[in-house]
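Colleague: My questions concern the predicted model and sequence given below.
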Amino acid sequence: MADEAHSGGGLEFHPMDQFIVKPLFGEIGDPVHMYTITNVTLWLALAVLATIGLLVLTTSKRAVVPSRGQSVAELAYGFVYKMVEDVTGKDGIKYFPYIMTLFIFILCANFLGLIPMAFTTTSHIAVTAVMGFGVFFAVTILGFVKNGVSFLSLFWVSSAPLALRPILALIELISYFVRPVSHSIRLAGNMMAGHAVLKVFAGFAQVTGGMALIIVPVSILGVVAVYALEVLVSFIQAYVFTILTCVYLKDALHPHH
């Protein structure tokens, strides 16, 4: 995590090493092919299992007096259902299962990444882009299926002056196609940045020598503070990704300005 440099007696940090994709079996440095089982594969599978465990196993034996797992599942259900209903309206409720699964999966993946020595799958743009572009294509197709050609009215701001409408239409069109990029980069960037800062603080906690009595306690406090912030960020980023999905879904269902 932190190594004493041979020249100058300083410290050399490699906070980005934690994001390297490595084969789960075999030697480090072996080539990674599309069929290779990697650390990403393992932690994505664990996130899927955690999602199934929370949404299926904890609610399979529903009781009047809920267990802890059932209570968490019911709270998450009510939270996301209210979000979908408030943002998209009654028409969007039928798409609640997809949005609920997306929220819980991202939440589980984010929290699993906080386990020491774990791999944060949502820090990789390849993972978040699949979800971001999946939402983009889903709502775009849905928009045309539900509204036909009138879905294009989403880009025509009829309330604006006529002279400005073509310019605004171009801006709206560009912003629409930027959505999946910003949607995925926001999640990956926030998760990567937070974990990189954690590793930097943890590296300083290994300092030896005369300054260790000052640097090490401050670094440990920094790790605790950043870790607590990352717990909050893990939830907030899952919430932001989900509520933006609801906003895009609303545009597909009701494209008229």
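Modeller: Yep, that arrived.
Colleague: Pull out the buried residues from the helix or strand containing residue 176.
Modeller: Per DSSP states H and E, residue 176 falls inside helix 165-204. Using 16 or more other CB atoms under 10 Å as the burial criterion, the residues of helix 165-204 that qualify are 165, 168-169, 179-180, 183-184, 186-188, 190-192, 194-204. Where C-beta positions appear, they are placed from N, C-alpha and C, glycine not excepted.
Colleague: do stretch 102-122 as well
Modeller: Judged by neighbour count using 16+ other CB under 10 Å, the buried positions of stretch 102-122 are 102-114, 118-122.
Colleague: what's the answer for stretch 204-220, then?
Modeller: Residues of stretch 204-220 classed as buried by neighbour count (16+ other CB under 10 Å): 204-205, 207, 215, 219.
Colleague: Can you give the contact residues for stretch 211-219?
Modeller: With CB atoms under 8 Å, 6 or more residues apart in numbering as the test, stretch 211-219 has contacts from 201-202, 204-205, 207.
Colleague: An error on my part: the question was meant for stretch 231-243.
Modeller: Where contact means CB under 8 Å, 6+ apart, the residues beyond stretch 231-243 that reach it are 80, 83, 87, 99, 102-103, 106-107, 110-111, 113-114, 122, 131, 183, 186-187, 190-191, 194.
Colleague: Quick check: phi and psi at residue 120.
Modeller: phi -90, psi 100 (degrees, to the nearest 10).
Colleague: Confirm for me that it is in contact with residue 108.
Modeller: No - Residue 120 is beyond contact range of residue 108, at 11.9 Å (criterion: CB atoms under 8 Å).
Colleague: residues in contact with the residue lying closest to residue 185 once chain neighbours are set aside?
Modeller: In this structure, residue 185 finds its nearest non-sequential neighbour in residue 125, 6.6 Å apart by CB to CB, 6 or more residues apart in numbering. By CB under 8 Å, 6+ apart, the contact list for residue 125 reads 184-185, 188.
Colleague: Among these, which one lies nearest to residue 67?
Modeller: Of all these, residue 67 sits closest to residue 188, with 34.1 Å by CB to CB.
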